[in-house]
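>>> sequence-free structure coming up:
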């Protein structure tokens, strides 16, 4: 059983390295040896897109760097310029082989590749430099399986004078290692791979990244030796030390490969970690090495779900609890775990396992941001918010300078600072919380939005923006990100880590967005002139409306006219014009960034499921002051697209000033009804429509009321009172002729008497 398991791991490692080298110097178009399919399915939790909706969960979560970040820092990278070249295709090999050759010579090399034997290829290449001629002929031998002839040609290259062997020196030494390895000449193979690195470091051309690949090839030799120590599917007691030594050597080499930014090295370390963690004997035999310790702890920290190995015959299910149990056993037994660079990782893992006493002891021995972070988590477990805040501060102060190796990956640097902001908010430090979260706004924009819209007062937010958030410069606008209009062209964004990745992509211009958020909040409070300075520039393409400042100015002027004009009909015109502006440009002028309008997503439904913005402060770690502030800043009304309700309110004011029997009265209410139909507010629709039925005139389009509405005829509405007076007067006279005649005659008599008396008085 042990032999078969380890063979699977070695096969996986072979596959991981060989894929990168399938088109390498001895290109044959096939992988060397048998290819065994090995698939592992690991699911790692994405970091939350929002932290404030469940603060207890946020602050309790274990700090976890990505596995790739951790294993790339297992080894101190040697000071060289070696680089990996992985995943290259035939065209890359052709380009590498043509380097330093004339077009005629490059064509000759390709002709040699088609030869049926190495000798034939060698004869064809008489016009080439000796190293190129020997190597290409050796590659043909290797492809045909003539390993002895291939080895002789590669060795001959390394015996040439230094200047003559230069073009193919690293290629030849690397291929010698690949030839010796299957022949069980492990020492010679190791020496050949080491020589590959030495030659490349001294300046020999390495266009295929063979020097970095040689770390993985040499590591595989040690894994093969380790497999040889297994007897009858078990690791004999007398071979445990030898087995552990080979595993440790392999891990050290893979760590160097990973430190050189090799994805193959990272994958290989992952598979070694899986092999060790799911076999207690293998883990126990290897765990005394510090690098192995850090490897398995890093893997276990990022391991979230069941792992599967498929060998081509059956699917092996490997539960995380098995691995965690094995690791917990060696931790408890104290197998070689010492204070060192990996102590903080171990502290994080024991914290995750719920062993808080051991996590505290381990963290106390650490002096890194991660160790302080764990201490902060432990303080929170005790309910000591003050101590937690102090440990968060220590973690932030302990970041190494930019030119030194970092201990937290970029995502965790943001998360650590953001968690400090979460704690500050829980302690009632509202402005300070935003100050901490704002630098991570591109990741935690929902949290920044929540504090800016629902916790801080408008004046607090305005002061914060004035101090901390400068307006974007023209240079910044020129490098603005892709906008929502382009999302449809990048469907992958909707399927691969959508929540967090889209926010990183969409909200990298945090300054402009926070300033725009403030501007819209000022508009909602009627502070129009103040708002203008904070709206985005017309050149900022991440916003849909380049003319929003103009629209706000016109809206403010229209509202002034609606309140100040002495004629009722003019006030009605202005109220209706303001209503239309609020409906058509309301999102851009006064929409909430998150709940309830979702300005950040153009008001599209469905984004609340990503916890982007909050409808309540959350269940825990919320001060009474924050709850009061949240209640005081509630949208009015607290409904989706609240600005449409502002438009309806303004339209209703217009209707109040219009003659009830006018076309304008009916048309204004018709438009208000239409706006509520599009908002799916049946109650508001019925209320407005019933007012029309009670008070409005019959109009031909009433059968489509709220669906098809004409523009209000305010001029006719202004004339309607005079028209109605004349019409009513004629109607009265037509029905009361004798009474009207008698009244007029009597009035004439009275008028005549009055005139006579006036003349008499004047004469006298």
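Sure, I can see it. No experiment lies behind these values; they were computed from the predicted model shown.
>>> so residue 563 touches residue 570, yeah?
No - counting by C-beta atoms under 8 Å, residue 563 does not reach residue 570; the two are 11.1 Å apart. For the C-beta atoms, the positions are set from N, CA and C on the backbone; glycine is no exception.
>>> Compare those two (neighbour count), which wins?
residue 570 (16 against 10; other C-beta atoms under 10 Å).
>>> Now do the phi/psi pair for that one.
Taking degrees, to the nearest 10, you get phi -70, psi -40 for the backbone angles of residue 570.
>>> Quick check, pLDDT for it.
Per-residue pLDDT puts residue 570 at 92.
>>> Check the one 3 residues further on too.
If you check residue 573, the pLDDT there is 94.
>>> ok, so what distance separates it from residue 253?
Distance, residue 573 to residue 253, using C-beta to C-beta, to the nearest Å: 81 Å.
>>> Residue 675 now?
Applying C-beta to C-beta to residue 675 and residue 253 gives a distance of 69 Å.
>>> can you check residue 173 too?
For residue 173 relative to residue 253 (C-beta to C-beta), the value is 16 Å.
>>> Name the residue in the two with the higher neighbour count.
residue 173 (28 against 25).
>>> In a helix, that one, correct?
Yes - applying DSSP: H, G, I helix; E, B strand; the rest coil, one finds residue 173 inside a helix.
>>> for the protein, longest helix please?
What stands out as the longest helix in the chain, according to DSSP state H, is helix 737-763.
>>> Show me how far that helix is from its chain's centre.
Mean-position distance between helix 737-763 and its chain equals 92 Å (C-alpha atoms, centre = their mean, to the nearest Å).
>>> And the helices in the stretch 51-200 of the chain, which stretches?
55-60, 67-71, 90-98, 103-113, 118-124, 130-144, 147-159, 162-165, 169-180, 186-201 (DSSP state H, counting those that start in this stretch).
>>> same thing with the stretch 251-400 of the chain?
Going by DSSP H, counting those that start in this stretch, the stretch 251-400 of the chain shows helices at 263-277, 280-286, 290-302, 320-332, 343-352, 356-364, 369-381, 385-397.
>>> Dump the ones you listed into TSV; add distance to residue 179 and mean pLDDT as well.
Output for those, formatted as TSV (distance: least, C-beta to C-beta, whole Å; pLDDT from 0 to 100):
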stretch	distance to residue 179	mean pLDDT
helix 263-277	20	90
helix 280-286	29	85
helix 290-302	29	88
helix 320-332	37	65
helix 343-352	39	86
helix 356-364	47	89
helix 369-381	44	94
helix 385-397	51	93
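>>> Make CSV from these and add mean neighbour count to it.
Output for the helices of the stretch 251-400 of the chain, formatted as CSV (neighbours: other C-beta atoms under 10 Å):
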stretch, mean neighbour count
helix 263-277, 25
helix 280-286, 22
helix 290-302, 23
helix 320-332, 17
helix 343-352, 25
helix 356-364, 18
helix 369-381, 24
helix 385-397, 18
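>>> Kindly confirm my reading that residue 596 is in a helix.
No - read with three-state DSSP, residue 596 is coil and lies in no helix.
>>> and the closest residue to it other than its chain neighbours, which of the three is it?
Nearest non-adjacent residue to residue 596, counting by C-beta to C-beta, 6 or more residues apart in numbering: residue 640, 4.8 Å away. Three-state call for residue 640 (three-state DSSP): coil.
>>> want to throw the helices of the stretch 251-400 of the chain into CSV with distance to residue 521?
Putting the helices of the stretch 251-400 of the chain into CSV (distance: least, C-beta to C-beta, whole Å) gives the following:
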stretch, distance to residue 521
helix 263-277, 46
helix 280-286, 57
helix 290-302, 40
helix 320-332, 46
helix 343-352, 40
helix 356-364, 42
helix 369-381, 32
helix 385-397, 29
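>>> and of those helices, who's closest to residue 584?
Evaluated over these, closeness to residue 584 peaks at helix 385-397, with 46.2 Å, by C-beta to C-beta.
>>> and the closest one with helix 356-364, angle?
40 degrees (axes from the mean of the first three to the mean of the last three C-alpha atoms, to 10 degrees).
>>> buried ones in the next helix or strand after helix 385-397?
Under the assignment DSSP states H and E, the closest C-terminal helix or strand after helix 385-397 is helix 410-426. Buried positions in helix 410-426, judged by neighbour count with 16 or more other C-beta atoms under 10 Å: 411-426.
>>> just stretch 145-155 next, same as before
146, 147, 149, 150, 151, 153, 154, 155.
>>> Out of the residues you listed, the closest to residue 473 would be?
Nearest to residue 473, judged by C-beta to C-beta, of the buried residues of stretch 145-155 is residue 154 at 58.3 Å.
>>> In contact with the residue nearest to that closest one when sequence neighbours are not counted, which residues?
Counting by C-beta to C-beta, 6+ apart, residue 154 lies nearest to residue 172, which is 4.1 Å off, once chain neighbours are set aside. Contacts here follow C-beta atoms under 8 Å, 6 or more residues apart in numbering; on that basis residue 172 touches 131, 134, 135, 138, 154, 155, 157, 158, 165.
>>> Pick the one among those residues closest to residue 108.
Distance to residue 108 across these (C-beta to C-beta) is lowest for residue 135, with 13.1 Å.
>>> give the contact list for the closest residue to the closest one other than its chain neighbours.
Nearest in space to residue 135, with sequence neighbours left out and distances taken as C-beta to C-beta, 6+ apart, is residue 168 at 4.0 Å. Residue 168 is in contact with 25, 131, 132, 134, 135, 157, counting by C-beta under 8 Å, 6+ apart.
>>> Which single one of these is nearest to residue 713?
Closest to residue 713, out of all of the contacts of residue 168 and judged by C-beta to C-beta, is residue 25, at 85.2 Å.
>>> tell me the angle the helix or strand that contains residue 435 makes with helix 410-426.
Secondary structure assignment for residue 435, by DSSP H and E: helix 430-437. Helix 430-437 runs at 180 degrees relative to helix 410-426, counting by the same axes, to 10 degrees.
>>> Okay, buried residues for helix 430-437 please.
Buried, per 16+ other C-beta under 10 Å, within helix 430-437: 430, 431, 433, 434, 435, 436, 437.
>>> what's the next secondary structure element after it?
Trace forward from helix 430-437 with DSSP H and E and the next one is helix 445-450.
>>> And the average pLDDT for that next one is what?
The average pLDDT within helix 445-450 is 92.
>>> Report how many residues lie close to residue 243.
For residue 243, using other C-beta under 10 Å, the count is 22.
>>> surely it meets residue 284?
No - counting by C-beta under 8 Å, residue 243 sits too far from residue 284 to count as a contact (10.1 Å).
>>> doesn't residue 179 make contact with residue 142?
Yes - using C-beta under 8 Å, residue 142 is in contact with residue 179, at 7.2 Å.
>>> How far off centre is the helix holding residue 435?
Distance of helix 430-437 from its chain centroid, counting by C-alpha atoms, centre = their mean, is 21 Å.
>>> Identify the residues contacting it?
Here helix 430-437 has contacts from 417-418, 420-422, 424-425, 444, 447-448, 451-452, 455-456, 460-461, 464, 468, 625-626, 629, using C-beta under 8 Å, 6+ apart.
>>> Mind doing that once more with 6 Å?
Residues from elsewhere that reach helix 430-437 (C-beta atoms under 6 Å, 6 or more residues apart in numbering): 417-418, 420-421, 424-425, 444, 447-448, 451, 455-456, 460.
>>> how near is residue 62 to residue 397?
Residue 62 is 22 Å from residue 397, by C-beta to C-beta.
>>> Helices of the stretch 601-750 of the chain, start to end?
624-632, 642-656, 663-678, 682-695, 714-735, 737-763.
>>> from what I can see the residue nearest to residue 596 touches residue 598, true?
No - between residue 640 and residue 598 there is no contact, the gap being 8.2 Å when judged by C-beta atoms under 6 Å.
>>> Now do the contacts for residue 378.
356, 360.
>>> ok, residues contacting stretch 448-465?
In contact with stretch 448-465 (C-beta under 6 Å, 6+ apart) are residues 52, 430-431, 433-434, 437-438, 441, 515, 517-518, 521, 593-594, 613-614, 626, 629-630, 633.
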